[in-house]
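Novice: This is a predicted model, with the sequence first.
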Amino acid sequence: EEKFITQFITHYKKIVHLLLTQPAKRIGALNYLTEKEGVLKQEATTEKYVKKCVIEFFENQVQRTPENVAVKYEDISLTYKEVNEYTNQLAHCLREKYNVTPQTNVGVILGRSHLNVLAMIGIIKAGGCYVPIDHKYHIERKEYILEDAEIQTVISTIDLFDEELSEKAAIINLDQFAFSEWDDSNLNIVNQLDDPSFVIYTSGSTGQPKGALHAHRMMLGCIPAMEQTLGHWPRGNEVMWTPAEWAWIAGLYDALFPAWYYGTPVLAHRFAKFDPERAFALLEKHKVGVSFIPPTALKMMRQVTKAQ
């Protein structure tokens, strides 16, 4: 395309100019991008990224902004305080009734909603490892993941859980869970930085799906990248949204965890089939200020000539 050729020529001229004016510099140290393209000039420092487990930075955010909205789903909005209390209650149950400890994998078969958020944080608060299983998977794949990950407890809802799986694992139907019967106080943190926080399974396109384990220490690795990519984010009361699956690494690293680290509300909405025009309407309706959009979805949105 013409614009890419023009951009290439601009960059090439800039590199030649820099080489002539700064001959002692290594080519790799030259910045050939224009100011308009935006190059973030910040000193690299890791001091502010304190090495903590995933749940610590969430609970720190609860203390800072307890009444701010943490997650929005349709007409439901939960504050950081409410999410913290609900997930504490679930975590106490998991630890006391289902013996969830570090290294314990807990399966989650849920759609995109506030319940998925509660399950995810509740499992990690209990010390366990969150294993998302797409409810649209066929039963054989679900059974394989349960067996491969040695999952003995699954969190789901009545309408999404397959009865065939009841013989494989204990089930917690979160839509009927008696939250009020459990303590809502913060639990003592039992995890170390190298303990697993979640496992993401591959698509299985080259054979059986393979589980990729992500430790607590890896969570903070995505924070500097988000800061450098988005500049001075967060800016005010922005809302975060992504059409990416939460059972996929990008949905977690590029949306949920950075949003909770900074106290940004997360919009829990996913189209049954991605529709670019409806995506534009969603961004406008909920005043979404920052979004991670996979390349395929972004390409579809760029083809919309006039968003409604």
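Specialist: Noted; the coordinates are in hand.

Novice: which stretches of the stretch 1-150 of the chain form helices?
Specialist: Under the criterion DSSP state H, counting those that start in this stretch, the stretch 1-150 of the chain carries helices at the ranges 2-21, 54-64, 80-97, 114-126, 139-148.

Novice: which helices and strands does the fourth one pack with?
Specialist: If I follow you right, that is helix 114-126. For helix 114-126, the packing partners by 3 or more Cβ pairs under 8 Å, 6 or more residues apart in numbering; DSSP states H and E come out as helix 54-64, strand 69-73, strand 76-79, helix 80-97, strand 105-108, strand 129-132, strand 153-156, strand 196-201. Where C-beta positions appear, they are placed from N, C-alpha and C, glycine not excepted.

Novice: Please compute how far the fourth one lies from its chain's middle.
Specialist: Pointing back at helix 80-97 there. Centroid separation for helix 80-97 versus its chain: 19 Å, with Cα atoms, centre = their mean, to the nearest Å.

Novice: So what touches that helix?
Specialist: Contacts with helix 80-97, where a contact means Cβ atoms under 8 Å, 6 or more residues apart in numbering, come from 58-59, 61-62, 65-71, 78, 100-101, 106, 117-119, 121-123, 125-128, 153, 172, 174, 177, 179-187, 263.

Novice: In ChimeraX, how would I select the buried members of the residues you listed?
Specialist: A single ChimeraX command suffices to select whichever of the contacts of helix 80-97 are buried according to 16 or more other Cβ atoms under 10 Å:
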select :58,59,61,62,69,70,71,78,100,106,117,118,119,121,122,123,125,126,127,128,153,172,174,177,179,182,184,187,263
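
Novice: low-scoring stretches of the stretch 1-150 of the chain, by residue?
Specialist: Residue ranges of the stretch 1-150 of the chain with pLDDT under 70: 34-51.

Novice: Which one of the helices and strands packed on helix 114-126 lies nearest to residue 11?
Specialist: Nearest of the helices and strands packed on helix 114-126 to residue 11, taken as Cβ to Cβ: strand 196-201 at 35.8 Å.

Novice: Give the partner strands of the very next helix or strand once past that closest one in its sheet and their orientations.
Specialist: Next along the chain after strand 196-201, taking DSSP states H and E as the criterion, comes strand 211-215. Paired with strand 211-215 in the same sheet, following DSSP bridges, are strand 196-201 (antiparallel).

Novice: Give me the residues contacting the partner strand.
Specialist: Contacts to strand 196-201, defined as Cβ under 8 Å, 6+ apart, come from residues 53-54, 102-103, 105, 120, 124, 129-133, 145, 149, 191, 209-216, 218-219, 247-249, 252.
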